[in-house]
Each structure stands twice: as structure tokens, then as C-alpha cells.
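Visitor: Predicted model and sequence follow; I will ask about them next.
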Amino acid sequence: TVFFDEIAEMPLAAQAKILRLIQNRRLRRLGDSRETQANARIITATNRNLEQFVEKGLFREDLYYRINVLPLHIPPLRERPEDICALADHFLFQLSARLGKELTGFDPAARDKLMRHGWPGNVRELKNVVERAAILCDQPVIGERHVLLVHELGRDPLAGGSAASGDGVRLSLRAAMERYERDLLENALKGRKSLRQVARELGLSHTALLAKVKKHRLA
């Protein structure tokens with residue numbers, strides 16, 4: 001099975017290659033002079049309207065009809081609120097192990113805040129909010145003040161006011177995100193894991209992690 005995520009963003013030249021692969025079931029590997037037989041199930045995903053992309057000439061019509069065999073529509077998170085808390089608990093369980101924290105769940109006010117949000121960024125946004133809360137929270141149960149939504153990033157979630165440094169000076173969004181990144185690294189580095197393992201957990205290369213550790217003087 002080959003999964004193409006966000007296929008609408010694929011350049012037209014690459015679309016032509018994928019079309020030939022689907023039609024002929026043959027491919028030539030990079031650096032190889034011969035074609036080989038390919039036998040794969042193709043699954044694609046996009047959050048765009050491919051029919052509109054075809055009309056605008058941004059997506060090949062022939063490829064669209066090739067991949068549009070069994071379309072599945074996944075509603076946005078705001079249309080399936082019953083999934084919000086279940087997904088939040090799932091992400092929190094993963095983060096609890098990764099951050100080395102004993103995080104057991106969300107209190108009722110925190111769950112209510114998650115349910116009331118519109119989630120324009122869908123599941124990715126929810127995952128980021130849960131990760132942010134897990135880093136900020138210093139107790140087993142995450143409270144409402146730890147659930148920091150995107151429009152609240154300019155405020156200090158634990159103080160209820162503007163994001164500020166230790167001397168009370170307001171922080172810019174960039175400075176607040178730098179502090180968030182430093183807190184994330186500090187928590188990930190606890191327990192003295194190998195840097196390569198930490199890099200894998202954070203989705204960074206080993207070199208990128210070393211650069212960030214040096215930038216925040218965490219070595």
C-alpha cells in the first residue's frame with residue numbers, strides 16, 4: 001500500500017508520473033535503467049476540492065478519475081464532537097510516556113473548553129493543543145488554564161494575562177514560542193535519554209536537535 005498525503009499539492013509533472021504508474025503498473029527506480037513491475041494499492045488524501053483544482057488546471061483530470069474510485073469523506077472535527085475528548089485522551093496517553101510525566105486526564109472545565117472550540121485546524125490542531133497543555137501542566141490532571149488555544153498564544157496561560165518574562169515585560173509571539181520550544185526540549189531531555197532517541201521523539205534530525213540544545217543552552 002502506498003499512501004499519498006495532500007496529493008493536491010503534487011506538481012503537475014509528478015502527477016503525470018503517478019498516472020503512468022497507476023495505468024501501467026510499472027516504474028523505474030532512480031538510477032536504474034530498467035523498468036520493474038509494481039503491484040501496490042494506492043491511497044490518496046487531501047483537504048482540497050479536487051474538482052475545483054481540475055477546473056483551474058491545477059490537477060490533472062485523468063489522474064483525478066483514476067484515483068477517485070472509492071472516495072471516503074472524513075468530516076471535520078467540529079462535525080464530530082464525540083471524537084474530541086477521545087482523541088485528546090489518546091494524544092495525552094502518548095505524551096505522558098514521551099515526556100516522562102504521569103498525566104491521567106483532563107478536568108471537566110478543560111474538557112468543556114475542548115468541546116466548545118471550533119477546531120479550524122482539525123485533528124492536527126487538537127494534537128498541538130494537547131501537547132502544549134501537557135508541557136505546561138505540572139500535575140496529573142490537566143486543567144482549563146493549561147488548555148491554550150491558538151488565539152491565546154499571546155497570553156500567559158498560567159497567569160491569565162499577557163505573555164511575560166520573569167520581570168513582567170510582555171513577550172512577543174516569537175518570544176513566547178521560543179519559551180515554549182525551550183520547555184518542550186527541557187521536558188524531553190529529562191531522564192537522560194540519548195539525544196538520538198529524543199530527536200526521534202520530537203521528529204527532528206540529530207543535527208537539528210543539537211542546534212536547538214545549543215541555542216537554548218541546555219547542554
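Guide: Cool, the structure landed. Numbers count the residues shown, from 1 in each chain.
Visitor: tell me, what residue is most central in this structure?
Guide: R124 (4.4 Å; CA atoms, centre = their mean).
Visitor: so which helix or strand takes in it?
Guide: helix 122-136 (DSSP states H and E).
Visitor: Strand partners (parallel or antiparallel) of the helix or strand following that helix?
Guide: Next in sequence after helix 122-136, counting helices and strands by DSSP H and E, comes strand 141-142. Strand 141-142 sits in its sheet next to strand 105-106 (parallel), going by DSSP bridges.
Visitor: now the helices: where do they sit in the chain?
Guide: Residue ranges of the helices in the chain, as given by DSSP state H, are 12-24, 50-55, 61-67, 84-99, 108-116, 122-136, 173-189, 195-202, 206-215.
Visitor: Of the ones you listed, flag the one that's most buried.
Guide: Of all the helices of the chain, helix 122-136 carries the top mean neighbour count, a mean of 18, counting by mean count of other CB atoms under 10 Å. From N, CA and C alone the C-beta is placed, and that goes for glycine too.
Visitor: got the angle between that helix and helix 108-116?
Guide: With axes from the mean of the first three to the mean of the last three CA atoms, to 10 degrees as the basis, helix 122-136 and helix 108-116 are set at 160 degrees to each other.
Visitor: by how many degrees do helix 122-136 and helix 173-189 diverge?
Guide: Angle, helix 122-136 to helix 173-189, by the same axes, to 10 degrees: 70 degrees.
Visitor: separation between N128 and R98?
Guide: 14 Å (CB to CB, to the nearest Å).
Visitor: Pull out the CA atoms of the least confident helix or strand in the chain by mean pLDDT and give them to me as CSV.
Guide: Sorted by mean pLDDT, DSSP states H and E, the helices and strands of the chain end with helix 173-189, the least confident at a mean of 74. Output in CSV follows, covering the C-alpha atoms of helix 173-189 (Å, rounded to 0.1, in the frame of the first residue of the first chain):
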residue,chain,number,x,y,z
LEU,A,173,4.6,35.8,19.9
ARG,A,174,8.0,34.8,18.7
ALA,A,175,9.5,35.0,22.2
ALA,A,176,6.6,33.1,23.7
MET,A,177,7.1,30.3,21.1
GLU,A,178,10.8,30.3,21.9
ARG,A,179,10.0,29.7,25.5
TYR,A,180,7.5,27.0,24.5
GLU,A,181,10.3,25.3,22.4
ARG,A,182,12.7,25.5,25.3
ASP,A,183,10.2,24.0,27.7
LEU,A,184,9.5,21.2,25.3
LEU,A,185,13.2,20.4,24.9
GLU,A,186,13.7,20.5,28.7
ASN,A,187,11.0,18.0,29.3
ALA,A,188,12.1,15.8,26.5
LEU,A,189,15.7,15.7,27.8
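Visitor: and the closest residue to I42 other than its chain neighbours, what does it touch?
Guide: In this structure, I42 finds its nearest non-sequential neighbour in V2, 5.6 Å apart by CB to CB, 6 or more residues apart in numbering. Taking CB atoms under 8 Å, 6 or more residues apart in numbering, we find V2 in contact with A40, R41, I42, I43.
Visitor: Quick check: nearest residue in space to the first one, chain neighbours excluded?
Guide: Spatially, and ignoring its direct neighbours in sequence, A40 is nearest to V2 (4.8 Å; CB to CB, 6+ apart).
Visitor: same check, this time on the last one
Guide: In space, not counting the residues next to it along the chain, I43 is nearest to F3; the distance is 4.8 Å by CB to CB, 6+ apart.
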